[in-house]
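>>> Sequence first, then the predicted structure:
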Amino acid sequence: MANVATVEAAIRLEWGLDKPLLTQYLTYLLRVLHGDFGRSYILQTDVSGLVLSQMLPTLKLTAAALFVAVVFAVTSALLTAGKRLPRSIAGGVELILISTPSFWLGIVLLFIFSFTLKLFPVAGDRTFSALVLPALSLGLSLGAVIGQVLREGLERALEEPFMLTVKSWGANDFVLKLRHGLRHAALPAVTLAGWLVGNLLSGAVITEAVFGRPGLGRITVDAVLAHDLPVVLAVAILSAFVYVALSTLVDVLYLLLDPRLRNRNLEAGH
Amino acid sequence: MSVSSPSEREAGRHQPRLRARLSSPGLTVSAIFLLLVAIATIWPQVLTTTNPIAADPLQAQLPPSTEHWFGTDHLGRDVFARVIYGARYSILIGVSAVAIAAIAGALLGLLSGLARGLIDEAISRFLDVISSFPDLLLALVLISFTGPGTINLIFALGVASVPRFARVVRAQTFVIAKSGYVEQARTFGLRRSVLVARHILPHALAQVPILATIGLGTTIIQAAGLSFLGMGPQPPAPEWGAMLAEARNYLRVAWWIGVWPGLAITLTVISISVFGRRWQLAFEGRRPS
């Protein structure tokens, strides 16, 4: 029994658990600010190193999914805005994509393209082709949401008087939308960026599990199930940081993109 | 967007509201489907007499047939029965999480909007902290403290979506508390409690049920996702997300296990959002395009 007590005391000393709670918390915060997230309870390795080593596959996945989402949204908005039948078809497809859980889309894609057609690998992250299905399953539903907003913005822009002017110059429909409409349509879509980042980060966790990819999501799920708090906290703090930083950046970007907002702010200041 | 002619507007006004709503085929189909889901949630025995967790290794991985409509899974359990009974988990988790978020969010929003000052500041900063994490990741962090399980999953998802409700209710309370009719009601000498209960509360909370309906779809998807990761109901519970996680391992040999639960989630969420959108349009006084 004495043995257990001494071991416990040694551990308390080692982890600093003998100090007051506030001191422990401040020490933790100070360490975090220096990039030290402590040691994983389960893996017994340095958490910062672990997180850094798993960052690249997740970045690749989120970047590819972002690409899929933006390409889908822009194409669908450009091709269907202002046309009655195409827009209702696209609207239906988007409703289905939004309502489909990304992990189920992943499973369906896996079954069709990996198991039946054998076009893409089933799991892993070795080749570029291993990125295609995960990016599609994560990106399509996000692209559908952006597509809806983009189309609405594009249709509103098409009704503006300056569009009539451009039309009178002899610009064709596509150039009209692409060069003059999209810029205006992008403004409301940009406000979605914060939401988009959050969903990319959360979605990556599940998508990595579906496709057996390495990455932050994989270590997070393992850590949550094993109560490995230092790892969970590190990932949470990191993603909150990225999320807040990008959302703030977008707010600033919004002012840069839309000069009208700057003027309005000046007027309000008077 | 064309301006509707006077006669059109007249017609719109005189049309009975109920009939106008039922006239959309999408809405009718959604209503029927949601009714089925509701029956499956409340009284699954009506739809199937098969036991969803009774394993029969001799009947494992049979494709869909007249005996097993959706086939059987790797343990020989009837997939149709599991999908039907799964509604109880997936729907109840989603509904309970949204209910927690709506109630807590509405209370915090009201308190924040009415009290102003220090209380408002404290609540707002608290909401800022919650919303600085992506929804699903916050839920994961909470589960890492509480451990996986149905109740913990409901709690985690509920807390993660509190700000969505609190923000709207707070802003709405601000606007209404300042509005002319409340000012006037105050000149009648009404007590503050009466003023709040009779004149502010109903309008400040008017949007909450709509927000809840729209948010329910997202929450059901998130709940299924977290269950897929093993954070929700534990096997052998037939939760839709957890069923898909099992199906993932048998895709090569038995595709049907991985199709039906996903289809159930998607159709449910589509039906809910068809309802939510129509409700929102009606609330904003717009007619569906």
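Yes, it's here.

>>> What residues of stretch A:20-37 count as buried?
Of the residues in stretch A:20-37, A:Tyr28, A:Val32, A:Phe37 count as buried by neighbour count, 16 or more other Cβ atoms under 10 Å in any protein chain shown. C-beta here means a position set from N, CA and C on the backbone, and glycine is covered the same way.

>>> Those in helices, which ones?
Among those, DSSP state H puts A:Tyr28, A:Val32 in helices.

>>> so where do the helices sit in the stretch 101-250 of chain A?
In the stretch 101-250 of chain A, the helices defined using DSSP state H, counting those that start in this stretch lie at A:102-109, A:129-158, A:161-168, A:173-175, A:182-190, A:193-211, A:216-225, A:229-257.

>>> Could you export those helices as a markdown table, including mean neighbour count, distance to B:Ile130 and mean pLDDT?
Converted to a markdown table, these look like this (neighbours: other Cβ atoms under 10 Å in any protein chain shown; distance: least, Cβ to Cβ, whole Å; pLDDT from 0 to 100):
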| stretch | mean neighbour count | distance to B:Ile130 | mean pLDDT |
| --- | --- | --- | --- |
| helix A:102-109 | 24 | 23 | 92 |
| helix A:129-158 | 22 | 22 | 90 |
| helix A:161-168 | 11 | 42 | 83 |
| helix A:173-175 | 12 | 44 | 77 |
| helix A:182-190 | 18 | 24 | 81 |
| helix A:193-211 | 24 | 12 | 88 |
| helix A:216-225 | 23 | 18 | 91 |
| helix A:229-257 | 17 | 10 | 87 |
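
>>> Could you export these as JSON lines, including distance to B:Ile265?
JSON lines is the format used below for the helices of the stretch 101-250 of chain A (distance: least, Cβ to Cβ, whole Å):
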{"stretch": "helix A:102-109", "distance to B:Ile265": "7"}
{"stretch": "helix A:129-158", "distance to B:Ile265": "12"}
{"stretch": "helix A:161-168", "distance to B:Ile265": "41"}
{"stretch": "helix A:173-175", "distance to B:Ile265": "37"}
{"stretch": "helix A:182-190", "distance to B:Ile265": "27"}
{"stretch": "helix A:193-211", "distance to B:Ile265": "13"}
{"stretch": "helix A:216-225", "distance to B:Ile265": "20"}
{"stretch": "helix A:229-257", "distance to B:Ile265": "25"}
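
>>> Double-check B:Gly217 against B:Val269; I have them as touching.
Yes: counting by Cβ atoms under 8 Å, B:Gly217 touches B:Val269, with 4.1 Å between them.

>>> what do the two both touch?
A:Ser99 (Cβ atoms under 8 Å, 6 or more residues apart in numbering or on different chains).

>>> In terms of secondary structure, what does the helix or strand hosting A:Ala64 contact?
Here A:Ala64 is covered by helix A:47-80, with elements defined by DSSP states H and E. On a contact count with 3 or more Cβ pairs under 8 Å, 6 or more residues apart in numbering or on different chains; DSSP states H and E, helix A:47-80 meets helix A:84-99, helix A:129-158, helix A:182-190, helix A:193-211, helix A:216-225, helix A:229-257.

>>> Next, the angle helix A:216-225 makes with it.
Computed with axes from the mean of the first three to the mean of the last three Cα atoms, to 10 degrees, the direction of helix A:47-80 lies at 120 degrees from that of helix A:216-225.

>>> average pLDDT across helix A:47-80?
Throughout helix A:47-80, pLDDT has a mean value of 92.

>>> cool, stretch B:135-155 as well?
For stretch B:135-155, mean pLDDT is 92.

>>> what's the span of that stretch from first residue to last?
13 Å (Cα to Cα, to the nearest Å).

>>> so how far is it from its chain's centroid?
Chain-centre distance of stretch B:135-155: 17 Å, with Cα atoms, centre = their mean, to the nearest Å.

>>> Let me know whether it sits next to chain A.
Yes: Stretch B:135-155 reaches chain A (Cβ under 8 Å from any Cβ of the partner chain) through B:Asp135, B:Leu136, B:Leu137, B:Leu138, B:Leu140, B:Val141, B:Ile143, B:Ser144, B:Phe145, B:Gly147, B:Pro148.

>>> swap in stretch B:113-124?
No: counting by Cβ under 8 Å from any Cβ, chain A has no neighbours in stretch B:113-124; the shortest distance is 15.4 Å.

>>> Restrict that stretch to CA atoms and write it as PDB.
This file holds the C-alpha atoms of stretch B:113-124, laid out as PDB (Å, rounded to 0.1, in the frame of the first residue of the first chain):
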ATOM      1  CA  GLY B 113     -31.300  40.400 -24.400                       C
ATOM      2  CA  LEU B 114     -33.300  41.500 -21.400                       C
ATOM      3  CA  ALA B 115     -30.600  41.900 -18.800                       C
ATOM      4  CA  ARG B 116     -28.100  43.700 -20.900                       C
ATOM      5  CA  GLY B 117     -24.900  45.000 -19.200                       C
ATOM      6  CA  LEU B 118     -22.700  42.500 -17.300                       C
ATOM      7  CA  ILE B 119     -24.900  39.500 -17.700                       C
ATOM      8  CA  ASP B 120     -25.300  40.000 -21.400                       C
ATOM      9  CA  GLU B 121     -21.500  40.400 -21.700                       C
ATOM     10  CA  ALA B 122     -20.800  37.200 -19.800                       C
ATOM     11  CA  ILE B 123     -23.400  35.200 -21.800                       C
ATOM     12  CA  SER B 124     -22.100  36.600 -25.100                       C
END
